[in-house]
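Chemist: Got a sequence here, can you build the structure:
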Amino acid sequence: MKINIVASRRFHLLDLARELKHNGHDVKFYSYVPTKRCVTLGGLEKNDCRFLWIALPFLILQIIFKNNPYITKYLFLSMDLYLRIFMRPCDIYIALGTVYKKSFITAKKKFGALTILEWGSKHIDEQQRILKTIPGAQTNMEYFNKRSRETYLITDYIAIPAEHVKESFLLYGCPEAKLLVNPYGTSLSQFYPTDKSSNDAFDVIFVGGWSYRKGCDLLTEVCLYLLKKKLLHVGGVVDCPLPNHPLFTHIGSVNQPQLLDYYKQAKIFVLPSREEGLALVQAQALACGLPIVCSKDTGGRDLRNFLEDKKWIIEMPETTVECLAECIEKALALAETQPEGKRNYAGKAIEQLTWEAYGKRYNDNLKNL
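Modeler: Numbering: from 1, shown residues only. Prediction:
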């Protein structure tokens, strides 16, 4: 089949494009990520399309004006217009939610294409409801919420990564038959079992944007003040202030292959998000052999279902300080029971958590549709 896959940044869609190509499809990948960067990240070397020249002025303005939502609005409109005019004929059109809207309509009317919306988090109304309950958390401009709701309606299917995301869509009246649940994968060439003897530098690692949405305020209180554990953060800073504490270490954003060096240094991985889809970093931590503590809103449960021994992924019953502290202590005790040498509790289940497995499941869905 001829498949057009449309992103802005790479997200997981670059991996999807690569895997569907490996499954024999004629795939064209559109994004503003430079070709050299995509090749470095393991993407498609040929038959793809870059529209960095469209996005660059807006990206520069976003830096100057600190991600002003009105600049983002016109960035999305420009990329959507480009696709409406220049996309090649296709049988299937797959694109990111919120970013693209009218190009879905063009693909259906002009080419008779099956349209699939890629959506990585909870239903937009549930997402925003949760964020509004968190003091200091960033929420969307209503324009983007409305655009998302409209895109839910005009596409044939919505591809989502976790059961809790599906539950949120059902809550807001989306037909179950429209939802395609498929957990994301990870790269086993970049993330693999790490040595237990090298994980003494930090008790806990958190990877991702330091934000209220991801529960970093809870993580600070529990690790640094309640349990007094060494906490490592790798990633950018969003809306939650970084703690000034001797037990806390902050490392800025790094290229994905470098993350392995930091997973090696920690005993457990923790992600107490209040709102998430399925965080890719969980599969990375799992592949590296770290016990995982996660909230019920991270997709960790979906990854746990692949494991024979499910105790290694501990889901918090509630997203509270008390539950987080209890689960971290349980995970640290579990980490102590891991035998010397390589930490590898996933076994053969890890084969279901690769990008290859993700692509095969996606390909099976396409054939069924």
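
Chemist: sec struct for the residue nearest to Leu61 when sequence neighbours are not counted, please.
Modeler: Closest residue to Leu61 in three dimensions, ignoring its sequence neighbours and counting by Cβ to Cβ, 6 or more residues apart in numbering: Ile71, at 4.8 Å. In this view, the C-beta of every residue, glycine as well, is placed from N, C-alpha and C. For Ile71, the reduced secondary structure class is helix; criterion used: DSSP: H, G, I helix; E, B strand; the rest coil.

Chemist: Which parts of the protein are strands?
Modeler: 2-6, 26-31, 48-50, 92-96, 114-118, 157-160, 179-181, 202-207, 231-234, 248-251, 266-271, 292-294, 313-315 (DSSP state E).

Chemist: okay, now the residue nearest to Gln265 when sequence neighbours are not counted: neighbour count?
Modeler: Take Gln265 and drop its neighbours on the chain: the residue closest to it by Cβ to Cβ, 6+ apart is Ala201, 4.0 Å away. The local packing count at Ala201 equals 14, with neighbours defined by other Cβ atoms under 10 Å.

Chemist: correct me, but Ala201 touches Ala266?
Modeler: Yes - using Cβ atoms under 8 Å, Ala201 and Ala266 qualify as a contacting pair, with a distance of 7.3 Å.

Chemist: any idea how far Asp217 is from Phe206?
Modeler: With the distance defined as Cβ to Cβ, to the nearest Å, Asp217 ends up 12 Å from Phe206.

Chemist: meant to ask about Thr249, not that
Modeler: When distance is defined by Cβ to Cβ, Thr249 is 11 Å away from Phe206.

Chemist: Sketch out the low-pLDDT regions of the stretch 151-300 of the chain for me.
Modeler: 198-199 (pLDDT under 70).

Chemist: Wait, Phe11 touches Val99, no?
Modeler: No - counting by Cβ under 8 Å, Phe11 stays clear of Val99, with 9.8 Å between them.

Chemist: More neighbours: which of the two?
Modeler: Residue environment comparison for Phe11 versus Val99 gives the larger neighbour count to Val99, 24 against 17, counting by other Cβ under 10 Å.

Chemist: mind listing the helices for the chain?
Modeler: Listed from the start of the chain, the chain has helices (DSSP state H) covering 13-22, 35-40, 52-64, 69-86, 102-111, 124-132, 142-154, 163-171, 216-220, 259-263, 280-287, 300-304, 321-336, 355-368.

Chemist: Show me what the fifth one is packed against.
Modeler: To tie it back to what came earlier, the one meant is helix 102-111. Using 3 or more Cβ pairs under 8 Å, 6 or more residues apart in numbering; DSSP states H and E as the contact criterion, the neighbours of helix 102-111 among helices and strands are helix 69-86, strand 92-96, strand 114-118, helix 142-154.

Chemist: In JSON lines, list those along with mean neighbour count.
Modeler: Putting those into JSON lines (neighbours: other Cβ atoms under 10 Å) gives the following:
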{"stretch": "helix 69-86", "mean neighbour count": "16"}
{"stretch": "strand 92-96", "mean neighbour count": "25"}
{"stretch": "strand 114-118", "mean neighbour count": "23"}
{"stretch": "helix 142-154", "mean neighbour count": "16"}
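
Chemist: For stretch 67-85, what is the distance to the chain centroid?
Modeler: Taking Cα atoms, centre = their mean, to the nearest Å, the mean C-alpha location of stretch 67-85 is offset from the chain mean by 22 Å.

Chemist: contact partners of that stretch?
Modeler: Residues lying outside stretch 67-85 but in contact with it, judged by Cβ atoms under 8 Å, 6 or more residues apart in numbering, are 6, 8, 30, 32, 51, 54-55, 58-59, 61-62, 65, 95, 98-103, 106, 140-141, 143-144, 147.

Chemist: Likewise for stretch 86-98?
Modeler: Among residues not part of stretch 86-98, those counted as contacts by Cβ under 8 Å, 6+ apart are 1-8, 11, 13, 16, 28, 30, 49, 76, 83, 103-104, 106-108, 110-111, 113-120, 124, 144, 147-148, 151-152, 158-159, 366.

Chemist: End to end on it, go ahead and measure it.
Modeler: 20 Å (Cα to Cα, to the nearest Å).

Chemist: roughly how far is it from the heart of the chain?
Modeler: Relative to where its chain is centred, stretch 86-98 has its mean C-alpha point 21 Å off (Cα atoms, centre = their mean).
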